[in-house]
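Peer 1: Just a sequence and a predicted model for now, questions to come.
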Amino acid sequence: MSTAHAHPDHDDHAQSYYVPAQSHWPIVAASGLFLLMFGMGNMMNNPDGAAKWLTLAGLLVIIWMFFGWFSAVARESMEGLYDEQMDRSFRWGMGWFIFSEVMFFAAFFGTLFYVRQFAVPWLAGEGSNAMTNELLWPGFMAEWPLMTTPDTDKFPGPEQIINPWHLPLINTVLLVASSVTLTWAHHALQKDKRAAVKGWLALTLVLGVCFLIIQAEEYIEAYTELGLTLASGIYGGTFFILTGFHGLHVTMGSIILLVMLIRIMKGHFDAKHHFGFEAAAWYWHFVDVVWLGLFLFVYVF
Amino acid sequence: MPVGVTEISQSVYSLHMIIFWICVVIAVIVFGVMFWSIFHHRKSKGVKPASFHESTTVEIIWTVIPLLILVGMAVPATATLRQMYDTSDAEVDIQITGYQWKWRYQYLNEEIDFFSNLTTPKEQIENQAEKTDTYLLEVDNPLVLPVGKKVRFLLTSNDVIHSWWIPDFAVKKDAIPGFINEAWTKIDKPGTYRGQCAELCGKDHGFMPIVVVAMNDDDYAAWVAQQQTAKQAKAASAEKEWTLAELMTKGEQVYNTACAACHQANGMGIPGAFPALKGSPMATQDKAGHINIVLNGKAGTAMAAYGSQFDAVDLAAVITYERNAWGNDTGEIVTPQDIKQIQGQ
Amino acid sequence: MMNDMTQPELMHGHHGPARGITRWIYTTNHKDIGTLYLWFSFAMFLIGGCMALVIRSELFQPGLQLVQPEFFNQMTTMHGLIMVFGAVMPAFVGLANWMIPLMVGAPDMALPRMNNLSFWILPFAFAMLLSTLLMEGGGPNFGWTFYAPLSTTYAPPSVTFFIFSVHMMGISSIMGAINVIATILNMRAPGMTMMKMPLFVWTWLITAFLLIAVMPVLAGVITMMLMDIHFGTSFFDAGGGGDPVLFQHLFWFFGHPEVYIMILPAFGIISHIVPTFSRKRLFGYASMVYATASIALLSFVVWAHHMFTVGLPLAGELFFMYSTMLIAVPTGVKVFNWISTMFRGAISFETPMLFAIGFIVLFTIGGFSGLMLAISPADFQYHDTYFVVAHFHYVLVPGAVFSIIAGAYYWLPKWTGHMYDERLGQWHFWLSMVGVNLTFFPMHFIGLAGMPRRIPDYALQFADFNMIASIGGFLFGFSQLLFLYIVIKCVKGGQKAEDKPWEGAEGLEWQVASPAPYHTFAQPPRID
Ligand code: HEA
Ligand code: HEA
Ligand code: CUA
Ligand SMILES: [Cu+2]
């Protein structure tokens, strides 16, 4: 229990802390989120309706909000309103946000492991499930990737799967390389070599965009040539949910990096104070690590 | 909790009582100390508060003692659980399938196969008639089991998750679509045992009871034989010529057990949830579509594929009924032969 | 002198609250946001409570009287969802907002604008959730645990909106939790080491960690539902190689820690109130911290105790039984510590203390029934009966809700600057105490007698106890209107509260004025 006593005297430990004044951005964010979610719900339930405009409006509001809110933060930061403590708050905030993202992906990885280790073998009669196979799915056999589903009428399995050593391998190289170039950009920033920062950052961005293009290519191939779709049983489901959300994160990461590039060009950040940049880098590295997990467990093994 | 009529249910019961009394004893001690403090260490009595606030020794003591108590509980619990999980060497195998909202029992060795529906009349549920003692716990075809034999249940479901529960046997196992769960029982005493579906399975989750009639060996054998004869009689009836009136009478029965839960007895359905049949284009015009949806169901909805649930007579009757009841009056007959022909394709 | 430094004039260009409605909509002030959270959660408590009363009215007698089964299921589902996500969680976040900065000597939460956003997402999310009741096909009717495939293939169309509203609640909770963690780790006044932090702060730190760890998993699983419903995947469909039980694993990996999210802050509150009114330091501060942490860690490995009947392999069944039983040990430590704190204290019985004592007794009873549920073979009989309903209402209503009420009485003087009406408070306690037991104690018996949960109508042998429970439910519910009256009365006026209205209270929050000024601790205090 704290037996604390407060001394009001202003000794050297006392510091002041920046508490932002009122802001309208949060309510804009909340309304935008609501429009987006409500719009998407209507769109999914009734694809022909006018709800796409609602969704679009929500999206625009959110983009406007991000722009406005982060401009305000950047401005405050440039005005020197943030002290070290504020900086630490941002760091903790970003760190725990990334942890929440880790847990989000953990749900999907957990799903992947569960179906591979348990569900599919059980359907094929393993463990105490001999009768499951005998009575419900006679003839079904466990394999991974799962090419023949238990109920092939409802979920025709994929005809082929993606060869890990082609596009995915290239993508792995691209992403790992982008992490390296981003680190170099960071080192350059710490040494205040701004031209180099711009170069490395731009290169990182290019690598990221290439990754996305290849990923899109791969999806097209999956749908048009391999018969690998969302509906092709559990393999397709896990494949697309993992790579899909990862791809979404790369997209977000690229946008963030683009913003960083623009800010660098505008002369923001200095050698010591550039948490915005660091946060973007943390995020990018996190996305990169997720990819390594994907490459191993979705594509290779 | 019932003591029940199986060895397992009795061990579960004693386990329950042991833990319960342990908890009561701990509660008496803990609350005893607390109320003693409340009475004797009241401020209004002018006591001075003590100042101790830590003691590693007592902390260790009250970590270790509960731990030991828990170990003491875990030992018998583990033994009982192991026994429950041993489904080997069963003499009777029964596949139990949950449907929204009824049970299907298939005796795998004897090839007996039937559905079990709630029989409590609507008037009782809607408080227009006196409720009987077995209110909501009565069915048309109970599951019949032999006494003293190990019976294995193979549980699965046709739609959502249900759970098959008879308190007197201490058997409760979920029926999961696409998987088979195993459970077993060995009943000591003949009698009628009642239970209910124990997993939320939609609208009529509260209205899918389970009734088991346990018989001694001779009665059970007689019952099996009787089922076999009934099956043959049914097969024969599919061959005969049916009139509209006969089909309507039969169809109404089938409709009320299988269809009325959703489409309602008056054929009006529930707007937004279950479509009306009265005056619907399908039930008045599109005969082929009508037969198809009854036989094969509609994926992604509560409309099940009844082709596998009923024989041709029942299917023909219910479709005929739907096409002629509530003023649909198409005058058309769908015969068992029609159904067989379509199913044969 | 303390008061001087917290006067607005000394703030750096900050003023008191803005006027009008924008004060609340644009605010970045932790006290305003705390207030918003608290009122919001109270409103949700009333709405969820009214749904409970619909349930209890229908169950007053056997037979269908008031509502149809379809609507009954929607009431059960919405009641559970609203109470959990709308009433209890936001109430604790509200208390965290108000008290954590005061307790650690911080001027505000670490990320004040995000704090505002965390709150304002909620009214939108719940508006969307409630609007599903009016949609074609009705609202969610698959229980607050929304097991697939009832909630996917067989769900009403409004499930899409249900999913999105849960997404919004998740975003709000995660942001709220990040804020709490950042505040606690970074904003403590100089000298306040971790092991000097008040227990409410400690328990919230751990709760926030749980939130960040499990809310994303919930988001993941509802996203998979959405995919199964709209995009043809087969995560929860054996036909494609998935498994409906996978849904349950994912849900309970979230769900079990979730129930501790609803009780750990309660432990914190009780650990403040009991010492205050016993006029004696909390017994075993350090072990309280360790116990909380152990409960939190254990909570990640017990989830399948909700799934004993789904047909887990024997080894899994045993593992989850043992790990669940273990939780009784650290929880016991807490109970014993509270009682040792009272032992040889000088106890007085103001309303917060009454609710705290009520909490200790009734929560322990709920814990005992939890322990019984943990015994897997016995759970085959208890599972999905009213015995479970009795268990979790004992830990949630006289547990979580009592602790929130106790906290409200305890801190009302600090918030409003007035003392609440003690006589009415005592009435509120006794009515609640009688009501709660009348409602939920009989449910143990109905459950053991074999009544399944989530049914709108029941066999005749359950009739008597159901009637008692329904009467109790109305008594408890209407007693809460008295609470509303007491709070409003206290906000409006009443006897002036001192800075430290409770003789035995300790902590920084009692060193600022009552009511707490709009801005506090612009200069951090020093803690020895
Ligand atoms: C605040 C919420 C909360 C809390 C704190 C708890 C606490 C516990 N719960 Fe509970 N639980 C719920 C909320 C909560 N629960 C909910 C909402 C459900 C139902 C969800 C649904 O299906 O809708 C549920 C369901 C539930 C089940 C599933 C039942 C079923 O569906 O079949 C189980 C099974 O193990 C369980 C166990 C426990 C245990 C062992 C504890 C332990 O933490 C309790 C520990 C406390 C004590 C034991 C008392 C104090 C200890 C002592 C005095 C020490 C000495 C004691 C001994 C050695 C015995 N709970
Ligand atoms: C913190 C959570 C919490 C709280 C506080 C409560 C509070 C109450 N709950 Fe429950 N409950 C759950 C969480 C909670 N519940 C959950 C998770 C479930 C499971 C859902 C599921 O199965 O999916 C459940 C399920 C549940 C059931 C089982 C339903 C079923 O299985 O079909 C029942 C039945 O009696 C019930 C009753 C009550 C009652 C009477 C209260 C009372 O304590 C409520 C008292 C409060 C009030 C009544 C509000 C006061 C308002 C008024 C008096 C109205 C006047 C106001 C105005 C006019 C403005 N609850
Ligand atoms: Cu079937 Cu509940
Ligand atoms: Cu649990």
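Peer 2: Thanks, I have it. Ligands and ions are numbered 1, 2, ... in the order given.
Peer 1: what about A:H24, distance to A:L56?
Peer 2: 22 Å (C-beta to C-beta, to the nearest Å). C-betas here are computed from N, CA, C, even on glycine.
Peer 1: Alongside chain C, which residues does the stretch 201-301 of chain A contribute?
Peer 2: Residues of the stretch 201-301 of chain A lying close to chain C by C-beta under 8 Å from any C-beta of the partner chain are A:229-238, A:240-241.
Peer 1: Next, the buried residues of the helix or strand containing C:P442.
Peer 2: Here C:P442 sits within helix C:422-449, counting by DSSP states H and E. By neighbour count on 16 or more other C-beta atoms under 10 Å in any protein chain shown, the buried set for helix C:422-449 is C:424-425, C:428-429, C:431-433, C:435-449.
Peer 1: So which residues on chain B come close to ligand 1?
Peer 2: Listed as neighbours of ligand 1 in chain B under the rule C-beta under 6 Å from any ligand atom: B:23, B:26, B:30, B:66, B:69-70.
Peer 1: Quick check: of the residues you listed, which lies closest to ligand 3?
Peer 2: Nearest to ligand 3 out of these is B:C23 (C-beta to the nearest ligand atom; 30.0 Å).
Peer 1: residues contacting that closest one?
Peer 2: C:368, C:371-372 (C-beta atoms under 8 Å, 6 or more residues apart in numbering or on different chains).
Peer 1: Tell me which residue in the stretch 51-200 of chain A sits closest to ligand 1.
Peer 2: For the stretch 51-200 of chain A, the residue closest to ligand 1 is A:A107, as judged by C-beta to the nearest ligand atom, at 19.7 Å.
Peer 1: Check which helix or strand the closest residue to that residue other than its chain neighbours maps to.
Peer 2: Closest residue to A:A107 apart from its sequence neighbours, by C-beta to C-beta, 6 or more residues apart in numbering or on different chains: C:G220 at 2.9 Å. Counting by DSSP H and E, the element that carries C:G220 is helix C:199-230.
Peer 1: hmm, back to that, next helix or strand past the helix holding C:P442?
Peer 2: Following helix C:422-449 toward the C-terminus (DSSP H and E): helix C:463-492.
Peer 1: what's the angle between that following helix and helix C:422-449?
Peer 2: Here the directions of helix C:463-492 and helix C:422-449 differ by 150 degrees (axes from the mean of the first three to the mean of the last three C-alpha atoms, to 10 degrees).
Peer 1: Next one: the closest residue to B:M215 other than its chain neighbours from B:D217, what distance?
Peer 2: With C-beta to C-beta, 6+ apart as the criterion, B:M215 has its nearest non-adjacent residue at 5.7 Å, and that residue is B:P190. Using C-beta to C-beta, B:P190 is found at 10 Å from B:D217.
Peer 1: okay, and the common contacts of those two?
Peer 2: Common neighbours of B:P190 and B:D217 (C-beta under 8 Å, 6+ apart) are B:V147.
Peer 1: So for those two, which sits in the more crowded spot?
Peer 2: Higher neighbour count among B:P190 and B:D217: B:P190, with 16 against 11, using other C-beta atoms under 10 Å in any protein chain shown.
Peer 1: Which residues are in contact with C:S57?
Peer 2: C:65-66, C:470.
Peer 1: Need the pLDDT of the closest residue to B:A283 other than its chain neighbours.
Peer 2: Distances taken as C-beta to C-beta, 6+ apart place B:L277 nearest to B:A283, at 4.7 Å, with adjacent residues excluded. B:L277 carries a pLDDT value of 87.
Peer 1: ok so B:L277 is a helix residue?
Peer 2: No: applying DSSP: H, G, I helix; E, B strand; the rest coil, one finds B:L277 to be coil, outside a helix.
Peer 1: Would you mind listing the buried residues in the helix or strand that B:I18 is a member of?
Peer 2: Element membership of B:I18 [criterion: DSSP H and E] is helix B:7-40. For helix B:7-40, the neighbour count (16+ other C-beta under 10 Å) marks B:8-13, B:15-16, B:18-20, B:22-23, B:26, B:30-31, B:34, B:37-38 as buried.
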